[in-house]
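*Asks:* Sequence and predicted model, in that order:
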Amino acid sequence: MADTILVVDDEKDIRLTLGGLLGDEGYLVAQASSAQEALERLDESVPSLLILDLWMGGAEAGFSVLERVRENRPQVPVVVISGHGNVETAVKAVKNGAFDFIEKPLSAEKLLLTVQRALDFQRLSEENQLLRRRNFREDKLFVGASASMRALLNTIEMVAPTPASVLITGENGVGKELVAQTIHSLSDRASRPMIELNCAAIPEELVESELFGHEKGAFTGADRRRQGRFDLANHSTLFLDEIGDMSLKTQAKILRILQEQKFERVGGTKTVSVDVRIIAASNKDLRVEMEQGAFRKDLYFRLNVVPLVVPPLRERREDIPGLSQIFLAACIEANRLEPKILDPALVEELRSRDWPGNIRELKNTIERLAITTPGPVIRSDPEAPSAAPAAAGHPQPAEADALDWLMLPYREAKTEFERIYFRLQLEAHDNNVSKTAEAINLDRSTIHKKLHELDIRLDNVRGGAPESRDGPPG
């Protein structure tokens, strides 16, 4: 797709000359003859690059446009031109965010070279940011080796390159937004930012304006035309989070856009065509919402082309240690803390929790511990739930003398620790070796070998059953 360049100059001859020159090079060219017209065009659409004459009835007009671009469209590079140029003006323009300054009369060769450099620089910057975001998201979401997350990633890799709509469901905090970002970053739309809208956070009377934009004067306070999320997501991805909280009226409009890829701004009559991929997410069961008449069936089936269910953290506990390490490292870096580590016993305690807030709650917990724990080792969580339920495979010690081994020499302590560890694990799993092996990620044969070395008989484990319940592998 050709890059669009907006040329802003009050001299018609220069606009026409630049339009012809850039058009011959394959660029799409839009024009504005004043600062006000330039701002209106920037509200309507986002160009790839802006060529801006600073002196349009005074230098302040050009600088006002430059300032607005830096505030509202920081991704758009600006090449400044002026017939009243001097070193001071050039330095000021660059300090205010211009990519480069070219003095009139313009050299066609220099202008084209500068335009190409600006576009190349911007693309490289976007690619670097995208790579960093992609690595960050995938590390956060898919760390660990849980089968459920591996299966989810496989599905994401298959659906990402396609234009298919995706419906992501799961509890609050499981990482639905991270899934959406990963899909977008692996798609052919990744060079443009994914546009997001939290449907639950926008008042009902403003949802349509947020989605479709509005014309100047459409309602009280609409002092200029404003682009909506569908406008901004053209040739990209629109992520509609918590879509289950959207009204039936707005759902109908969304359905129409999905079918036609066209819409009208609030207060307008002009039809705007877009190419937008939709990824929606909800923590509600939309099938139940349909049965209750709160969600349109036709919209559900339009969105649910590829359904993705993100499992809660309690169903992928094996990922908790890896996630904890990543969150700890990120917090230490962000807050410039001294290096710290998580005590293995604390990690096991973290694995035992149910985490109703899922990844978000785990992240907040690790950050709190990293910030408030003095010293290099984080050994415990003072605010841990007092009655945290023991997860299968991660029991809480029940013996009063369980720490006596700390007073022993290393080799004896290691043996005593293993004896206590395997006895408690077996007790937690009703003396079933297969379940214990699965929970602690060991082979059954390894466990039987350890039991023999440690002189542990299954029928002697408290609450246990005869060894015949789950005997040695045959």
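*Replies:* It's in.

*Asks:* Please list all residues in contact with Glu242.
*Replies:* 198-201, 281-283 (CB atoms under 8 Å, 6 or more residues apart in numbering). C-betas here are computed from N, CA, C, even on glycine.

*Asks:* if I look at the most centrally placed residue in the chain, how far off is Glu367?
*Replies:* With distances taken as CA atoms, centre = their mean, the residue of the chain nearest its centroid is Leu178 (3.8 Å). For Leu178, the distance to Glu367 equals 17 Å [CB to CB, to the nearest Å].

*Asks:* related to what we said a few turns ago, just to be sure, the residue nearest to the centre of the chain is in a helix?
*Replies:* Yes: assigned with DSSP: H, G, I helix; E, B strand; the rest coil, Leu178 falls within a helix.

*Asks:* separation between it and Ser148?
*Replies:* From Leu178 to Ser148 the distance is 15 Å (CB to CB).

*Asks:* cool, Leu362 as well?
*Replies:* Leu362 is 16 Å from Ser148, by CB to CB.

*Asks:* Those two - which one has more neighbours?
*Replies:* Between Leu362 and Ser148, counting by other CB atoms under 10 Å, Leu362 is the more crowded of the two (20 against 15).

*Asks:* Which residues are in contact with that one?
*Replies:* Applying CB under 8 Å, 6+ apart to Leu362 gives the contacts 313, 320, 323-324, 327, 350, 355.

*Asks:* what residues are up against Arg225?
*Replies:* For Arg225, counting by CB under 8 Å, 6+ apart, the contacting residues are 40, 43-44, 213-216, 265.

*Asks:* cool, Ser247 as well?
*Replies:* 204, 207.

*Asks:* Please repeat the previous calculation with a cut-off of 6 Å.
*Replies:* Applying CB atoms under 6 Å, 6 or more residues apart in numbering to Ser247 gives the contacts Glu204.

*Asks:* Which one of the contacts of Glu242 sits in the busiest neighbourhood?
*Replies:* Going by other CB under 10 Å, Ala281 tops the contacts of Glu242 with 25 neighbours.

*Asks:* Give the next helix or strand downstream of whatever helix or strand Glu88 lives in.
*Replies:* Secondary-structure element containing Glu88, defined by DSSP states H and E: helix 87-95. Per DSSP H and E, the first helix or strand lying C-terminal to helix 87-95 is strand 100-103.

*Asks:* Put the alpha carbons of stretch 195-204 into PDB.
*Replies:* What follows is stretch 195-204, C-alpha atoms only, in PDB (Å, rounded to 0.1, in the frame of the first residue of the first chain):
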ATOM      1  CA  ILE A 195      -6.600  -0.100  18.300                       C
ATOM      2  CA  GLU A 196      -8.400  -1.000  21.500                       C
ATOM      3  CA  LEU A 197     -11.700  -0.100  23.100                       C
ATOM      4  CA  ASN A 198     -12.900  -1.300  26.500                       C
ATOM      5  CA  CYS A 199     -16.700  -1.400  26.000                       C
ATOM      6  CA  ALA A 200     -17.300  -1.600  29.700                       C
ATOM      7  CA  ALA A 201     -15.400   1.600  30.400                       C
ATOM      8  CA  ILE A 202     -17.200   3.900  27.900                       C
ATOM      9  CA  PRO A 203     -20.600   5.500  28.900                       C
ATOM     10  CA  GLU A 204     -23.400   4.200  26.700                       C
END
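
*Asks:* what's that stretch in contact with?
*Replies:* Under CB under 6 Å, 6+ apart, the answer for stretch 195-204 is 210, 229, 232-233, 238-243, 245-247.

*Asks:* Quick one, which of these are buried?
*Replies:* Buried subset of the contacts of stretch 195-204 (neighbour count, 16 or more other CB atoms under 10 Å): 210, 229, 232-233, 238-243, 245-246.

*Asks:* export these to a markdown table and tack on secondary structure?
*Replies:* Formatted as a markdown table, the buried ones among the contacts of stretch 195-204 follow (three-state DSSP):
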| residue | secondary structure |
| --- | --- |
| Glu210 | helix |
| Arg229 | helix |
| Leu232 | helix |
| Ala233 | coil |
| Leu238 | strand |
| Phe239 | strand |
| Leu240 | strand |
| Asp241 | strand |
| Glu242 | coil |
| Ile243 | helix |
| Asp245 | helix |
| Met246 | coil |
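
*Asks:* Kindly indicate which of the contacts of Leu362 lies nearest Asp3.
*Replies:* Nearest to Asp3, judged by CB to CB, of the contacts of Leu362 is Phe327 at 39.3 Å.

*Asks:* In space, what's closest to that closest one - neighbours in sequence excluded?
*Replies:* Ile366 (4.1 Å; CB to CB, 6 or more residues apart in numbering).

*Asks:* wait, what's in contact with that neighbour?
*Replies:* 324, 327-328.

*Asks:* for the residues you listed, which one is nearest Leu6?
*Replies:* Checking the contacts of Ile366 against Leu6 by CB to CB gives Phe327 as the nearest, at 42.5 Å.
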